[in-house]
Each structure stands twice: as structure tokens, then as C-alpha cells.
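Chemist: A structural model of the following input is requested.
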Amino acid sequence: MIDFSQALQDKIDIITENWIEAVRGDEQIETAKQLTYDSVRDSLPIVLQAIVTMLSESEDSDLRTVIQESLDHGTVRAGQGYDAEEIAREYRLLRRVIFDALEPELLKGSAAEVNRAYRLIDSALDEAIADCFQTYTEARFQELQELQNHLQLTNQELTRLVRASQDNLSHLAHELKTPLTSIIGYSELFLRQRNNSKLKDSVPNLAHIDKVLSNGRRLLRLINDTLEISRYDAGRIKLQLTATNVRSAIGTVVEIIEPLAKAKNLEIAVECDPVLDQVMTDYLRLQQIVTNLVSNAIRYTQAGTITIKTELLSDKHWSICITDTGIGIASEDCDRIFMPFFRADNSLGSLMPDSTGLGLAIVARLVNLLQGKIELVSEVGIGSSFTVIFPLELEGVEI
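Modeler: Presented below is the predicted three-dimensional model:
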């Protein structure tokens, strides 16, 4: 008699390792490439241990553990940014890895033993994915509700944009049209299906929710960026100056944004002048400038390195330089790149759906607010270098 329970118990570690390797190697599970080993693994060993119990001769069911861990897993994956198809592929890979690991025992077992093992493992995994999708859907609904609340809160402030120039309003209307059309279309489709129990938790239906959220996030970013420019132009941004350790401020930005670079196999190199440990500046606005510049560099770089370098230039000025090995900017576009909604004409433009065309316009305004200046050196096919020069002391600003 083959003890499949013990066989699985002995192979939990190798199954976990093989599954993580398979998930990370799957080109269609992009989100996993941005996560740590522990984040991908999540509660898998506990689920496998529960299946061990189900396979044991003494007890035929430990579904409660499978259910609870799968419910938690769905919430975790939603928070990590997985889409529905990525979760489904994870479970398909897990099924394959488990049976691959147990193949020697399956070949030796009797028909009854093999049928029982297949039945119990399949039922556990079917229950796991169903429960995972349940909490994944709930988490997505919560995010959708929060997104709706944010959009409602910004609606009143958006009315002020009517005072803006007609050109900017035309650009804004054009940029809002695509995500709004998608949100409306997929929302209507989902609402028509919400009472259909067979469809509401299916992968295609969950994918519709993901598209609503994706376009909603894009719309919210566009609105927030537009409002940021509007606040600056209206003189409503007030600086909060504090003694800032520049290395620490940049380190926090890199920690947050590095997964985006790793997803594209890009390296972020940081060279900070140690003397810049007590610079009077607005900590959050400085981070906003660096975040926008580095995000932009990652977006338009397909291979190589993003370098962030700070330097004390004199007894009055210091600088931050962000250099990439990206596609570069044509000389005729360098003067216009900081204009709202301007996008340089390049072959990757259509591949950057997350760009609002406002990031560099916000950077230019914040740099001006901090009494600095920004210089751009770029060559098509070679890369770009944005250098921001700040004064060590701001004039006419109360601390």
C-alpha cells in the first residue's frame, strides 16, 4: 500500500520550491516577478500540509484549513496586484507540480489508491481556487468602492479646471475619454452578470473587474496629476521646509519604486554625496520630483541602468542627476517635454498606457517652487539625463 500522505509530507519543501520557480518563470504571471520569495510562497506550505491530512488514512478531510488559507491568499494576491488570470495560472501550475512530484508513488499505487489521491487533491485544489477567487473578488470590490469615493471627492475640485485654457481642457477631455469608455463598458457588462452565480466568479468576469480598476486607477492618476498642476498654477501649493537627509529621502523612493525596475530587469544605482545630510527643503516635494523622474526613466528604458546621483556643487547649490539608458528624446522635443500632455514622438509611445503626459510638467513646477532649475541632456537611442539644481537656502520662504 502506498502512503500518499507521507509521500506528500516528505515533498512539501521541494513542491514549494518547484512551484515558486514555475510561477516566476511563467511569462504570463508578470506580477510574481516583482515579489520576494516569501511573498510568492504566501500560505502554500500550510495548504499542502492540509492536503497531507486529507490524504492520511486517519482523516479524509481538512478542508477548513484549505478554505481559510485560500481565503487569505485571495486577499493577499489582490493586494499584490495580481489579476484573475494570474491566480488561475498559479493554481494550474500547483496542480501540475504536485502530481509531477508524486509521479513515482502514483506509478506504484493500485488503481483505487491512485484514484483516491487524485480525487482528494483535485477537490482540495478546486476548493482552494474557488475560495481564493471569492476573497479576491471582495478585495477588488472594496478597491472599486474606494476608487469611486476618490473620484467623487475630486469632482468638486475638478470644476475649477473650467477656468483653464481651452487647449488644456481639450487635452484633458481626450485623455479621459479612453479610460472612461472602458470603465463604463466593463461596469455595464459586470452589472448584467452580477446575478449569474455561474459567471460572477469566473476568470473572464474577474478580468472585467480588473479592467475597470486598471482604467479607474489610470483615470484617477490623470485627475490627480491635473489637479496638482492646477494647484500650482493657482498658487495653492505651500512648502514645508525641514532639514532633510537627501540620501534617506532618495532611499525611501528607491525602495518603493525598485520593483518596477526589477520587473524590467533594470538596475537602479544610487550615488549620494554624504555631506547632503541637512539640506533645507520640502521632504515630500523632493521625493515627488525624484519619484516622477525615476518612474519616467524606468518607463522609457528597456535595458540597462537608472543612475541617481546627488552632489554638492558649491557653498550655495546642490544637484540631483537622474540618468537612464533609455530611448532618449529628440532635440526638437527637449524644450517641450515639460509641457502638460506633451508626449515625444517615439516608437514606444503606444506601449506606455500608464503615462498621463503630466509627470514632467509637475516636476518642472515643483522644481520652480523650490527655486531650482532643471537641465536636460538627451540623445535618441542612447538615453537621457535630467539634472535638477537646487539652492542650499531658499529665499523668502518661512521655515
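Chemist: from here on, contacts and neighbour counts on C-alpha atoms
Modeler: OK.
Chemist: buried residues, stretch 257-273. List them.
Modeler: 257-261, 264, 266-268, 270, 272-273 (16 or more other CA atoms under 10 Å).
Chemist: which ones are touching the nearest residue to residue 82 once chain neighbours are set aside?
Modeler: Of all residues not flanking residue 82 in the chain, residue 31 sits nearest, at 5.9 Å (CA to CA, 6 or more residues apart in numbering). Shown in contact with residue 31 (CA atoms under 8 Å, 6 or more residues apart in numbering): 80-82, 86.
Chemist: secondary structure element for residue 22, which one?
Modeler: helix 12-25 (DSSP states H and E).
Chemist: so after that helix, what's the next helix or strand?
Modeler: helix 37-41.
Chemist: for that following helix, packing partners?
Modeler: helix 12-25 (3 or more CA pairs under 8 Å, 6 or more residues apart in numbering; DSSP states H and E).
Chemist: and the helix it packs on, which residues are buried?
Modeler: 12, 15-16, 18-20, 22-24.
Chemist: same list (these) but as CSV, adding pLDDT and distance to residue 397.
Modeler: Shown next, in CSV, are the buried residues of helix 12-25 (pLDDT from 0 to 100; distance: CA to CA, whole Å):
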residue, pLDDT, distance to residue 397
12, 91, 62
15, 93, 60
16, 92, 57
18, 92, 58
19, 91, 56
20, 91, 53
22, 92, 55
23, 90, 52
24, 88, 50
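Chemist: may I see these arranged in TSV, with distance to residue 49 as well?
Modeler: Listed next are the buried residues of helix 12-25 as TSV, based on distance: CA to CA, whole Å:
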residue	distance to residue 49
12	8
15	11
16	11
18	16
19	15
20	17
22	20
23	20
24	22
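Chemist: tell me the buried residues within the contacts of residue 31.
Modeler: By neighbour count, with 16+ other CA under 10 Å, these hold 82, 86 as buried.
Chemist: list just the nearest of the contacts of residue 31 to residue 55.
Modeler: residue 86 (27.7 Å; CA to CA).
Chemist: can you tell me which of the buried residues of stretch 257-273 are in helices?
Modeler: Mapping the buried residues of stretch 257-273 onto helices (DSSP state H) picks out 257-261.
Chemist: residue 306: which of those is nearest?
Modeler: For those, the residue nearest residue 306 by CA to CA is residue 261; the value is 8.6 Å.
Chemist: quick check, the closest one in contact with residue 297.
Modeler: No. Assessed by CA atoms under 8 Å, residue 261 is found out of contact with residue 297, at 9.5 Å.
Chemist: check which residues of stretch 48-56 are buried.
Modeler: 48-55.
Chemist: now swap in stretch 67-85 and tell me
Modeler: 67, 69-78, 82-84.
Chemist: distance between that stretch and the chain's centre?
Modeler: With CA atoms, centre = their mean, to the nearest Å as the basis, the distance from the averaged C-alpha position of stretch 67-85 to the chain average is 15 Å.
Chemist: can I get the CA coordinates of that stretch in PDB?
Modeler: Below are the C-alpha coordinates for stretch 67-85, written out as PDB (Å, rounded to 0.1, in the frame of the first residue of the first chain):
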ATOM      1  CA  ILE A  67     -10.600  27.100   2.800                       C
ATOM      2  CA  GLN A  68      -9.200  29.600   5.400                       C
ATOM      3  CA  GLU A  69      -5.800  29.800   3.800                       C
ATOM      4  CA  SER A  70      -7.200  30.200   0.400                       C
ATOM      5  CA  LEU A  71      -9.500  33.000   1.500                       C
ATOM      6  CA  ASP A  72      -6.500  34.700   3.000                       C
ATOM      7  CA  HIS A  73      -4.500  34.000  -0.200                       C
ATOM      8  CA  GLY A  74      -7.100  35.700  -2.400                       C
ATOM      9  CA  THR A  75      -6.900  38.900  -0.300                       C
ATOM     10  CA  VAL A  76      -3.100  38.800  -0.400                       C
ATOM     11  CA  ARG A  77      -3.000  38.400  -4.200                       C
ATOM     12  CA  ALA A  78      -5.400  41.200  -4.700                       C
ATOM     13  CA  GLY A  79      -3.300  43.500  -2.600                       C
ATOM     14  CA  GLN A  80      -0.200  42.400  -4.500                       C
ATOM     15  CA  GLY A  81      -1.800  43.500  -7.800                       C
ATOM     16  CA  TYR A  82      -2.400  40.000  -9.300                       C
ATOM     17  CA  ASP A  83      -5.100  39.800 -12.000                       C
ATOM     18  CA  ALA A  84      -7.600  36.900 -12.100                       C
ATOM     19  CA  GLU A  85      -5.800  35.000 -14.900                       C
END
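Chemist: give the contact list for residue 376.
Modeler: 334, 384-387.
Chemist: repeat that for 7 Å
Modeler: By CA atoms under 7 Å, 6 or more residues apart in numbering, the contact set of residue 376 is 385-387.
Chemist: biggest helix in the chain, by residue count?
Modeler: Longest helix in the chain, counting by DSSP H: helix 111-158.
Chemist: does that one pack against any helices or strands, and if so which?
Modeler: helix 44-55, helix 63-80 (3 or more CA pairs under 7 Å, 6 or more residues apart in numbering; DSSP states H and E).
Chemist: what is the orientation angle of it with helix 44-55?
Modeler: Comparing the axes of helix 111-158 and helix 44-55 via axes from the mean of the first three to the mean of the last three CA atoms, to 10 degrees yields an angle of 140 degrees.
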